[in-house]
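> I would like to see how this sequence folds:
(one chain, ligands or ions: 1)
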Amino acid sequence: MSISYAPAGKSGKWDGALDWLQMLTGASLILFMWCHMLLVSSVVISPRLMNAIAGFFEATYMAQVGGPLIFLGFLLHFVLAARKIPFRAEGQKTIWQHARMMHHGDTWLWVVQIVSAMLILVMGSIHMWVVLTDLPITAAKSAARVQSGFWAVFYFFLLPLAELHVGIGFYRIGVKWGFIKDRERDKFKRGENLLTGMFIAIGLITLIRFLFLSVN
Ligand code: HEM
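Sure, this is the predicted structure:
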């Protein structure tokens with residue numbers, strides 16, 4: 001379900017274009033998050049492999065330039081999506097009533113999407129700032145951060161929030177772009193839950209590896 005709070009009439013063409021941009025930034029961030037989790041989890045195979053991958057991103061300036069671009073894409077995606085978020089109490093009450101009244105699974109997914117978005121906006125920004133202002137990325141530095149305790153707790157919350165948001169976002173793009181037909185929704189949702197669970201498991205294994213990695 002997508003509710004627009006923009007004044008009627010004025011929106012039209014612009015709103016459609018901004019909707020597309022929201023989906024494109026969302027799809028790019030989904031691809032980024034899949035790659036990000038696989039790259040960070042390379043530490044499980046070997047810390048030297050993670051260092052080599054990070055070194056490659058550094059040598060090609062992808063970390064120095066690509067990192068801030070991801071940050072900007074992340075903020076742009078939020079600003080575009082915020083057009084549809086009910087920030088006022090009345091709007092929130094209406095959505096809540098609709099979700100409860102209709103027992104509609106996809107409306108609940110939308111509520112989860114909004115709540116996770118707010119938390120990810122703050123936590124993701126802090127995380128990117130901390131990592132990008134402390135380049136180069138190395139397995140030892142990441143392990144030291146996780147072993148400090150605070151960051152382990154921080155990531156234990158951010159990981160499921162980010163993966164849930166990515167999973168629901170992927171499903172919603174599929175429904176909106178029409179590559180998920182109505183009768184296939186349940187099948188796709190099951191596949192999507194499995195994928196989300198797999199990424200959370202990979203993330204947890206990675207965090208445990210960082211916790212026990214010798215940093216000396
Ligand atoms: C410029 C973009 C980003 C870079 C360079 C980056 C880099 C890293 C690095 C090096 C780690 C390892 C831990 C550490 O060093 O503290 C990490 C972990 C993590 N990142 Fe990012 N990150 C970026 C964006 C994001 C975004 C946008 C999110 C989600 C909103 C995110 C979520 C996480 C999570 C949940 C972990 C914990 C990993 C795990 O569970 O295995 N990151 N990231």
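
> For Leu69, I want the exact helix or strand it lies within.
helix 67-82 (DSSP states H and E).

> isn't Lys189 right next to Tyr171, touching?
Yes: counting by Cβ atoms under 8 Å, Lys189 does reach Tyr171; the two are 6.3 Å apart. Every residue, glycine included, has its C-beta placed from N, CA and C.

> pLDDT score assigned to the closest residue to Ala144 other than its chain neighbours?
Closest residue to Ala144 apart from its sequence neighbours, by Cβ to Cβ, 6 or more residues apart in numbering: Val215 at 4.9 Å. If you check Val215, the pLDDT there is 71.

> burial measure for Val215, as a count.
Applying other Cβ atoms under 10 Å, we find 15 residues neighbouring Val215.

> what about it, is that helix, strand or coil?
coil (DSSP: H, G, I helix; E, B strand; the rest coil).

> for it, what are its contacts?
Contact partners of Val215, counting by Cβ atoms under 8 Å, 6 or more residues apart in numbering, are 140, 143-144, 147.

> Let's check: the centremost residue of the protein is which one?
In the chain, the residue lying closest to the centroid (Cα atoms, centre = their mean) is Ala162, at 4.1 Å.

> give the contact list for the closest residue to it other than its chain neighbours.
Excluding the flanking residues, the one nearest Ala162 by Cβ to Cβ, 6+ apart is Ile120, at 5.7 Å. Ile120 sits next to 158, 161-162, 165 when contact means Cβ under 8 Å, 6+ apart.

> Show me the helices in this structure, by range?
12-40, 42-45, 47-59, 67-82, 89-102, 105-132, 139-147, 150-177, 185-212 (DSSP state H).

> Output those as CSV; include the columns mean pLDDT.
Shown next, in CSV, are those (pLDDT from 0 to 100):
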stretch, mean pLDDT
helix 12-40, 91
helix 42-45, 97
helix 47-59, 95
helix 67-82, 94
helix 89-102, 69
helix 105-132, 89
helix 139-147, 96
helix 150-177, 93
helix 185-212, 93
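
> Columns distance to the ligand on top of those, output as CSV?
CSV is the format used below for these (distance: least, Cβ to the nearest ligand atom, whole Å):
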stretch, distance to the ligand
helix 12-40, 5
helix 42-45, 8
helix 47-59, 7
helix 67-82, 4
helix 89-102, 23
helix 105-132, 3
helix 139-147, 3
helix 150-177, 4
helix 185-212, 3
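
> Touching, Phe154 and Gly124? I think so.
No: using Cβ under 8 Å, Phe154 makes no contact with Gly124, being 10.9 Å away.

> between the two, who's got more neighbours?
Taking other Cβ under 10 Å, Phe154 and Gly124 do not tie; Gly124 has more neighbours (22 against 17).

> The closest residue to the more buried one other than its chain neighbours: what's it in contact with?
Computed as Cβ to Cβ, 6+ apart, the closest residue to Gly124 that is not its neighbour in sequence is Phe74, at 6.2 Å. Listed by Cβ under 8 Å, 6+ apart, the contact partners of Phe74 are 29, 124-125, 128.
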